[in-house]
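Chemist: Predicted structure and sequence below. I'll ask about it afterward.
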Amino acid sequence: MNSVDPAALRKSRMFLLLIALVFAAPMMVAGWLTYAGWQPDAKGNGQPVQPQRNFVSEKLVVQLANGQPYAWRDSEPRMTLVALAGPDCAAQCLATLTKMAAARVTLSSNMSRLRLLYLGTPPVNDQRDGIRNYWQLGTDVDGKLAMFRPSTPDSVSALLVESNGTALSLYPAGFDPSGLRKDLQKVIH
């Protein structure tokens with residue numbers, strides 16, 4: 001006949017209870033927070049594009065600097081960040097473009113899942129500043145994106161476009177590039 005040590009039995013039951021508590025605690029805290037009315041903020045920093053637009057179905061033509069048409073639907077699923085420069089893109093505009101390109105770099109191994117497309121007249125010193133190293137340059141042939149282009153000199157706005165051509169978010173002139181970076185890290189994984 002095996003005799004069970006009551007102290008060892010209590011110890012093993014307590015250990016089992018602690019393991020169950022480790023797994024149950026996060027669910028209990030989440031339930032309590034939901035009941036209390038707190039929800040995490042999943043809101044992005046960009047503004048939703050309303051009404052929703054799909055550049056493929058609209059046949060929105062962008063001609064690249066090399067004369068080729070821009071393919072909204074790529075050979076692999078990749079999003080496009082479209083930069084729309086206001087008149088006279090200079091130092092401030094170029095600084096924002098640089099931060100946008102840096103946001104792409106912070107995606108690290110997922111960096112290839114985001115294409116950068118600049119529409120408009122390149123900044124004055126675009127050759128020296130290396131904009132062509134990061135951005136594909138193009139022109140909105142029919143001017144269908146004019147409503148998103150800023151009118152303020154030396155400014156830039158941005159559109160985040162899904163791989164199927166659907167415009168997801170607008171970042172109007174004066175947007176915070178760090179907010180854009182956070183949004184990109186949420187949607188590109």
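Modeler: Thanks, I have it.

Chemist: contacts and neighbour counts: CA atoms only from here.
Modeler: Fine.

Chemist: So which residues of this protein form helices?
Modeler: With helices called from DSSP state H, the chain shows them at 6-35, 91-105, 126-129, 131-134, 177-187.

Chemist: Can you list the buried residues in the fourth one?
Modeler: For helix 131-134, the buried set under the neighbour-count rule, 16 or more other CA atoms under 10 Å, comprises I131, Y134.

Chemist: Also stretch 58-70?
Modeler: L60, V61, V62, Q63, L64, Y70.

Chemist: right, and the pair among the residues you listed with maximum separation?
Modeler: L60 and L64 (12.9 Å; CA to CA).

Chemist: in this structure, which segments are predicted with low confidence?
Modeler: Along the chain, the model assigns pLDDT under 70 to residues 1-2, 38-43, 124-130.

Chemist: the domain parsing of it - what is it?
Modeler: Domain assignment for the chain, taken from automatic domain parsing, gives 1-40, 47-187.

Chemist: Tell me which of the ones you listed sits most buried.
Modeler: domain 47-187 (a mean of 17; mean count of other CA atoms under 10 Å).

Chemist: Tell me the gap between that one and the middle of its chain.
Modeler: Taking CA atoms, centre = their mean, to the nearest Å, one finds the center of domain 47-187 at 11 Å from the center of the full chain.

Chemist: quick one: terminal-to-terminal distance for that domain?
Modeler: One end of domain 47-187 sits 15 Å from the other (CA to CA, to the nearest Å).

Chemist: ditto for stretch 47-59
Modeler: Using CA to CA, the two ends of stretch 47-59 sit 23 Å apart.

Chemist: Provide the contact partners of it at residue level.
Modeler: Identification of contacts with stretch 47-59 by CA atoms under 8 Å, 6 or more residues apart in numbering yields W72, R73, N164, G165, T166, A167, L168, S169, L170, Y171.

Chemist: Spatially nearest residue to S112 (excluding sequence neighbours)?
Modeler: Distances taken as CA to CA, 6 or more residues apart in numbering place R78 nearest to S112, at 7.6 Å, with adjacent residues excluded.

Chemist: Who are the contact partners of that neighbour?
Modeler: The contact partners of R78, taken as CA under 8 Å, 6+ apart, are S112, R113, L114, R115, E162, S163.

Chemist: so what's L184 up against?
Modeler: A103, R104, L107.

Chemist: quick one on the thing from earlier: what's the most distant pair in the contacts of R78?
Modeler: S112 and E162 (14.0 Å).

Chemist: Quick check: the closest residue to P172 other than its chain neighbours vs Y118, distance?
Modeler: Beyond its immediate neighbours in the sequence, the residue positioned closest to P172 (CA to CA, 6+ apart) is S157, lying 4.6 Å away. Counting by CA to CA, the separation of S157 from Y118 is 10 Å.

Chemist: cool, and L16?
Modeler: 59 Å.

Chemist: of the contacts of R78, closest to G86?
Modeler: Minimum distance to G86 across the contacts of R78 is 20.5 Å, recorded for R115 (CA to CA).
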